[in-house]
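Q: after the sequence you'll find the predicted model.
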Amino acid sequence: MSVAALAYRPGVATWITRHADRFGDKPALVLDDRTLTYAELERRTWQVAHALRDHGIGHGDRVAVLHENGAEYLPAMLAVLRLGAIHVPLNPRLADRETEALVSDSRPRLLVTQEAATDRADALRDARAATGDDLVVLTTDGPAWPAADAPDTPFPVADFDETSTAGLFYTSGTTGLPKGAMITHRNIAAVATSLAVDLGFHREDRPLVSLPVSVSGAMLAGVLPFLHLGCTLRLLTTGTPETIADAVREFRPTYMASVPTVFTALLEHPAFADLDLTCFQRVLSAAAPMPVSLIERYRARGLDVFVQGYGLTESCGFSTCLMPEDAVRKVGSIGRPLTYSDVRVLVGDREAEPEEIGEICVSGPAVMAGYWERPDERAVVDGWLRTGDLGRRDVEGYLYVTGRLKDMVITGGYNVYPAEVEDVLHELVDVAEAAVIGVPDEHWGERVVAVVRPRPGSAIGVDELRAHCADRLTDYKRPKEVVLVTAPLPVNPTGKVVKARLREAYAAGGLS
């Protein structure tokens, strides 16, 4: 049976089938030692689908993938989606205990991994066996994985539609236990289309993928939208400054996505000292607003194409964008909603007035179907995703995040939004990272503490930081304490600073 003879099945894997039919010789993935054309990616996907079907995987089954970036990750994921099964990405950088919690929650029938992770896989299999559940383990570099001459004939699959769950993408878990956001095929298609419409991506773009594709934001906003278009992706096994610099020289990518902490580290690395960055047409920074000082440093290097995005795992990682021309005029803003997203600031059930702070809420076709097996946790109310982020909208409609509901500091009866203080600290070019937390105080209830990592070689001190805040903030918002640290601030797998860990380290006297 030919691919063309198969009944149409909606979903992400169908994109590859269409591209293989139209331009099968075009490279889809370029890796360190291997290139896969779209025809080869289509064929490889069917080979893996055969293997998964032989192990009983079908519609609705969960398949976990614990795997570094590599040539077999995407065929494995696409094969899962082709069968109407559910992809459960597991970031290899998670601790064993964290990984075990995700596997316990999602209860996959099969785990795709690598020989290097055999010990972790065995532990996960034993943990599932202890609950009476079997977990099949397949290693992509082991003898049971499909060989190059394995069967690749397309076969009919069970009916599923665009509302079927494609993946369980677990929240970053900065507070509480991670929850599995049920992301549907329709969700993924919506954000892929929206990025093309709003950011002008097209088939000839050449994205560089340096982040782990097991991270939801990297997959949903950095890989799948470009497979949707039929682009050629350069996938790095490890995203170090050296490998990124080599890829920029050799591949000349037009797009890259990362987080401000990584963009800062790249500028500070010798491999980027004389690197020509003019190949980039768009660079996406997510997880936190880009400090103006960092944007200006890149502008001095000829790179003025930073797009800043905002979104949650629950909204496919992308709901708003701030275009490069607005980066300085609207410093600290997360921009305006994408074409297929409706974003509002709500105070209770009413929409906030301009400059009034409320909860940021998102609606639209990219919003998840709900949390896996948590029907009572109503994050989506009347079609609106309650993000837990506090924010405001200015008179021109640009949105700003002012903090998390749980991170807001109440000092002396006043509300202090950490993002506002952090933006002020980031105005200083000698500040590499800054995070504001609230700590218990007998007099104020909580006091504002700023944790700052200066740029290497900087002589900036506490007095200068306090004076800068005093010039720009009212008295109750100014940090009552500034702690200078030399180590990078703790972040979760998506690059967001984990303030709970900062508060714990502060209480234990371990900030340094």
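A: Yes, it's here.

Q: okay, CA-based contacts and neighbour counts for the rest of this
A: Fine.

Q: centroid residue for the chain?
A: Nearest to the geometric centre of the chain sits Gly217, at 2.0 Å (C-alpha atoms, centre = their mean).

Q: all helices of the stretch 51-200 of the chain, in order?
A: Per DSSP state H, counting those that start in this stretch, the stretch 51-200 of the chain carries helices over the ranges 73-82, 96-106, 118-130, 185-199.

Q: looking at the ones you listed, which is buried most?
A: Highest mean neighbour count of the helices of the stretch 51-200 of the chain: helix 73-82, a mean of 24 (counted as mean count of other C-alpha atoms under 10 Å).

Q: what's the mean pLDDT across that one?
A: If you average the pLDDT over helix 73-82, you get 96.

Q: which helices and strands does that helix pack with?
A: If you count contacts as 3 or more C-alpha pairs under 8 Å, 6 or more residues apart in numbering; DSSP states H and E, helix 73-82 packs onto helix 12-23, helix 38-54, strand 62-66, strand 86-90.

Q: what do you get if the cut-off is 6 Å, keeping everything else the same?
A: helix 38-54 (3 or more C-alpha pairs under 6 Å, 6 or more residues apart in numbering; DSSP states H and E).

Q: using PDB, write down the CA coordinates of the helix it packs on.
A: Listed next in PDB are the C-alpha coordinates belonging to helix 38-54 (Å, rounded to 0.1, in the frame of the first residue of the first chain):
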ATOM      1  CA  TYR A  38      12.100  14.200   4.300                       C
ATOM      2  CA  ALA A  39      11.700  11.000   2.400                       C
ATOM      3  CA  GLU A  40      14.100   9.300   4.700                       C
ATOM      4  CA  LEU A  41      12.400  10.700   7.800                       C
ATOM      5  CA  GLU A  42       9.100   9.500   6.500                       C
ATOM      6  CA  ARG A  43      10.500   6.000   5.900                       C
ATOM      7  CA  ARG A  44      12.200   5.900   9.200                       C
ATOM      8  CA  THR A  45       9.000   7.000  11.000                       C
ATOM      9  CA  TRP A  46       7.100   4.100   9.500                       C
ATOM     10  CA  GLN A  47       9.900   1.700  10.500                       C
ATOM     11  CA  VAL A  48       9.700   2.800  14.100                       C
ATOM     12  CA  ALA A  49       5.900   2.700  13.900                       C
ATOM     13  CA  HIS A  50       6.100  -1.000  12.900                       C
ATOM     14  CA  ALA A  51       8.300  -1.700  15.900                       C
ATOM     15  CA  LEU A  52       6.000   0.100  18.300                       C
ATOM     16  CA  ARG A  53       2.900  -1.600  16.800                       C
ATOM     17  CA  ASP A  54       4.600  -5.000  17.300                       C
END
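
Q: could I get the buried residue list for stretch 143-159?
A: Residues of stretch 143-159 classed as buried under the neighbour-count rule (16 or more other C-alpha atoms under 10 Å) are Trp145, Pro146, Pro151, Asp152, Pro154.

Q: and the first one, what does it touch?
A: With contacts defined as C-alpha atoms under 6 Å, 6 or more residues apart in numbering, Trp145 is in contact with no residue.

Q: if we use 8 Å, what do you get?
A: Val48, Ala51, Leu138, Thr139 (C-alpha atoms under 8 Å, 6 or more residues apart in numbering).

Q: and if you look at Ala265?
A: Ala265 is in contact with Pro241, counting by C-alpha under 8 Å, 6+ apart.

Q: farthest residue from the center of this protein?
A: For the chain, the residue at maximal distance from the C-alpha centroid (C-alpha atoms, centre = their mean) is His443, at 39.4 Å.

Q: mind splitting the protein into its structural domains?
A: 39-161, 194-404, 409-507 (automatic domain parsing).

Q: comparing those domains by mean pLDDT, which bottoms out?
A: Here the lowest mean pLDDT among the domains of the chain goes to domain 409-507, at a mean of 88.

Q: list the buried residues for stretch 362-379?
A: Neighbour counts over stretch 362-379 (16+ other C-alpha under 10 Å) mark Val362, Ser363, Gly364, Pro365, Ala366, Val367, Met368, Ala369, Gly370, Tyr371, Trp372, Ala379 as buried.

Q: hmm, Val345 is touching Asp394, no?
A: No - the criterion here is C-alpha atoms under 8 Å, and Val345 misses it with Asp394 at 10.8 Å.

Q: which stretches in the stretch 251-400 of the chain count as strands?
A: When assigned using DSSP state E, counting those that start in this stretch, the strands of the stretch 251-400 of the chain occupy the ranges 255-258, 282-285, 306-310, 320-322, 333-337, 342-347, 350-351, 358-363, 380-381, 384-393, 399-404.

Q: how about the ones you listed, which one is nearest Val451?
A: Val451 lies closest to strand 399-404 among the strands of the stretch 251-400 of the chain, at 15.7 Å (C-alpha to C-alpha).

Q: partners of that closest one, with directions?
A: strand 333-337 (antiparallel), strand 384-393 (antiparallel) (DSSP bridges).

Q: now, of the ones you listed, which is deepest in the fold?
A: Neighbour counts (mean count of other C-alpha under 10 Å) averaged over each of the strands paired with strand 399-404 peak at strand 333-337, with a mean of 25.

Q: what's next to it, contact-wise?
A: Residues from elsewhere that reach strand 333-337, judged by C-alpha under 8 Å, 6+ apart: 289, 308-310, 319-323, 327, 343, 397-401.

Q: which two in those are spaced the farthest apart?
A: Pairwise distances across the contacts of strand 333-337 (C-alpha to C-alpha) peak at 19.6 Å, for the pair Ala327 and Val343.

Q: ok, the two, which is more surrounded?
A: Comparing Ala327 with Val343 by other C-alpha atoms under 10 Å, the one with more neighbours is Ala327, at 24 against 20.
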